[in-house]
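Asker: sharing a model prediction with you, sequence too.
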Amino acid sequence: MIQSRADLEQRERNSLAPFAALSSLSRGRKWPQKEHTLRPAFQRDRDRIIHSAAFRRMEYKTQVFGSYDKDHFRTRLTHTIEVAQISRTFARSLRLNEDLAAAVALAHDLGHTPFGHAGEDVLDELLKEFGGFNHNRQSLRIVDLLEERYPHHPGLNLTYEVREGIVKHETKVKIKHPDFEDGPLPTLEASLVDVADEIAYNAHDVDDGVSSELLELADLVNCDFFDQVCAISSEDIQRIPGELRRHATIRAMIDSMATDVLEETCRRLTEAGVESLDDVRACDHKLVAYSESMSESVKALKRFLMENLYRHPRLEAQTRVAQEMLAQIFEKLLEDPGKLPERFSARLSGEEPELVVADYVAGMTDRFAVRMASAL
């Protein structure tokens, strides 16, 4: 028998934790819309994100290594899929809403530029007079405005909870948006995506770093923090032969960090006496987090990656080339906005040219940016 939306919403009420976000209690969409007969609101959001053009473009956007360097390196899309997988595991284990967690995870990097953080940094500098560039803000701009798929409203018209999760996703710079209060925490489903994101990139950056031969697995295994971050001892890792050693290391890293987060989050929920979503929002400290000891170990891991991978001369050279390329594209398009596609040039009468050009450049894939730089 086919289950209706009402059936699935009832299942949520029966099975999810009292502090989970329920589809039937969503704060709704900016543009009122009739509910679907089969799919609850957050499942519908998840599907809209997956079907968006911005989601598909992530396949050809750099995570750390360019997708053109090696077929097996992570791209922004495969990173996003890994974050969604970890987020769903967290949500299921904590009896939270898997559809909401998946939707926030799948949308969290839609606004990333070509060439990874190198692209974000150069656009941030070029837009300094306009408040800079932030990929969370850009992700929200994509789902609210830039995706054109429906005749009656701009964007994807996602629910408040998914949009809030995008805005409040943790980055170096906090962003403000009139639709959302600064203080309250988002849903637990959104908060767990922050940690899932970090677990995913810490693990797969080690994987890709070793695969690229910029990192030596032995250097990582010999670090003091390794036994804490990994669910398997360094001695056991060393006994595993060849290529299998790297795969075992990555599995053990994800397992250990994820298990720690689940245990610590349960402890914090109990300690804070959280019994409802209102309690979650009213809490004045993080509820989804590592334990103190794991947090210190993860910080050490990130320092290791910064010193030995992200600042490696080879990657820094690629960063400089990418930034010069994007800056050139930006300036050329600003000088001659007629080269913009019609749907972007049509917005020049109502928005600052710099912001319109930034929208176009940020949406480019790596390979399209290379072609555009050559054409200009």
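Answerer: Cool, the structure landed.
Asker: what does the lowest-mean-pLDDT helix or strand in the chain contact?
Answerer: The least trusted helix or strand in the chain, going by mean pLDDT, DSSP states H and E, turns out to be helix 234-239, with a mean of 80. The contact list for helix 234-239 (CB atoms under 8 Å, 6 or more residues apart in numbering) reads Val221, Asn222, Phe226, Asp227, Cys230, Arg245, Ala248, Thr249, Ala252. Every residue, glycine included, has its C-beta placed from N, CA and C.
Asker: switch the cut-off to 6 Å
Answerer: The contact list for helix 234-239 (CB atoms under 6 Å, 6 or more residues apart in numbering) reads Val221, Phe226, Asp227, Thr249.
Asker: which one of these is nearest Ser212?
Answerer: For the contacts of helix 234-239, the closest approach to Ser212 (CB to CB) belongs to Thr249, at 15.2 Å.
Asker: distance of the closest one relative to Met306?
Answerer: According to CB to CB, to the nearest Å, Thr249 and Met306 sit 19 Å apart.
Asker: looking at the two, which one has more neighbours?
Answerer: Each of Thr249 and Met306 has its neighbours counted (other CB atoms under 10 Å); Thr249 has more, 24 against 10.
Asker: what's the spacing between Met364 and Val122?
Answerer: Where Val122 is concerned, Met364 sits at a distance of 12 Å (CB to CB).
Asker: what residues of stretch 102-119 count as buried?
Answerer: Neighbour-count burial for stretch 102-119, counted by 16 or more other CB atoms under 10 Å, picks out 102-119.
Asker: wait, stretch 307-324
Answerer: Going by 16+ other CB under 10 Å, stretch 307-324 has these buried residues: Leu309, Tyr310, Leu315, Gln318, Thr319, Ala322, Gln323.
Asker: my read is the last one is in a strand, agree?
Answerer: If I follow you right, that is Gln323. No. Assessed with DSSP: H, G, I helix; E, B strand; the rest coil, Gln323 is helix; it does not lie in a strand.
Asker: so who does it touch?
Answerer: Contacts for Gln323 (CB under 6 Å, 6+ apart) come out as Ala118, Val122.
Asker: sorry, back to before: could you work out the most separated pair of the buried residues of stretch 307-324?
Answerer: The two members of those with the most space between them (CB to CB) are Leu309 and Gln323, at 18.4 Å.
Asker: contacts for stretch 350-370 next, please.
Answerer: Residues outside stretch 350-370 that contact it (CB under 6 Å, 6+ apart): 57, 60-62, 66, 113-115, 123, 127, 130, 138, 329-330, 333-334, 337, 340, 344, 347-348.
Asker: just those residues: which are in helices?
Answerer: Judged by DSSP state H, the contacts of stretch 350-370 include Arg57, Leu123, Gln138, Ile329, Phe330, Leu333, Leu334, Phe344 as members of helices.
Asker: quick check: the farthest pair among these?
Answerer: Arg57 and Leu334 (22.1 Å).
Asker: the protein: strands as residue ranges?
Answerer: For the chain, no strands are identified by DSSP state E.
Asker: how is it divided into domains?
Answerer: Domain assignment for the chain, taken from automatic domain parsing, gives 42-315, 316-375.
Asker: in TSV: these, plus distance to Pro18.
Answerer: Formatted as TSV, the domains of the chain follow (distance: least, CB to CB, whole Å):
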stretch	distance to Pro18
domain 42-315	6
domain 316-375	40
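Asker: deepest-packed of those domains, please.
Answerer: domain 42-315 (a mean of 19; mean count of other CB atoms under 10 Å).
Asker: I'd like to know how far Gln366 sits from Leu326.
Answerer: In this structure residue 366 is Asp, not Gln. Taking CB to CB, one finds Asp366 at 10 Å from Leu326.
Asker: next up, the contacts around Phe180.
Answerer: By CB under 6 Å, 6+ apart, Phe180 lies in contact with Glu164, Val167.
Asker: quick one: Ile49 and Ala107 touch, right?
Answerer: Yes. With contact defined as CB atoms under 6 Å, Ile49 reaches Ala107; the gap is 4.9 Å.
Asker: could you pick out the longest helix of this structure?
Answerer: helix 242-272.
Asker: pull the distance from that helix to the chain's centre.
Answerer: Its chain's average C-alpha position is 19 Å from that of helix 242-272, according to CA atoms, centre = their mean, to the nearest Å.
Asker: I'd like the average pLDDT over it.
Answerer: What helix 242-272 shows for mean pLDDT is 94.
Asker: show me what it is packed against.
Answerer: If you count contacts as 3 or more CB pairs under 6 Å, 6 or more residues apart in numbering; DSSP states H and E, helix 242-272 packs onto helix 188-211.
Asker: could you check the angle helix 242-272 makes with the helix it packs on?
Answerer: 160 degrees (axes from the mean of the first three to the mean of the last three CA atoms, to 10 degrees).
Asker: helix 188-211 packs against which elements?
Answerer: Helices and strands touching helix 188-211, as assessed by 3+ CB pairs under 6 Å, 6+ apart, comprise helix 76-93, helix 98-107, helix 242-272.
Asker: could I get those helices as CSV with distance to Lys30?
Answerer: Formatted as CSV, the helices and strands packed on helix 188-211 follow (distance: least, CB to CB, whole Å):
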stretch, distance to Lys30
helix 76-93, 24
helix 98-107, 15
helix 242-272, 31
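Asker: those helices: which one's closest to Arg13?
Answerer: The nearest among the helices and strands packed on helix 188-211, by CB to CB, is helix 98-107 at 14.1 Å.
Asker: show me what the closest one is packed against.
Answerer: Using 3+ CB pairs under 6 Å, 6+ apart, helix 98-107 sits against helix 41-50, helix 76-93, helix 160-167, helix 188-211.
Asker: now the longest one against helix 41-50, angle please.
Answerer: Spelled out, it's helix 188-211. Using the same axes, to 10 degrees: helix 188-211 against helix 41-50 is 30 degrees.
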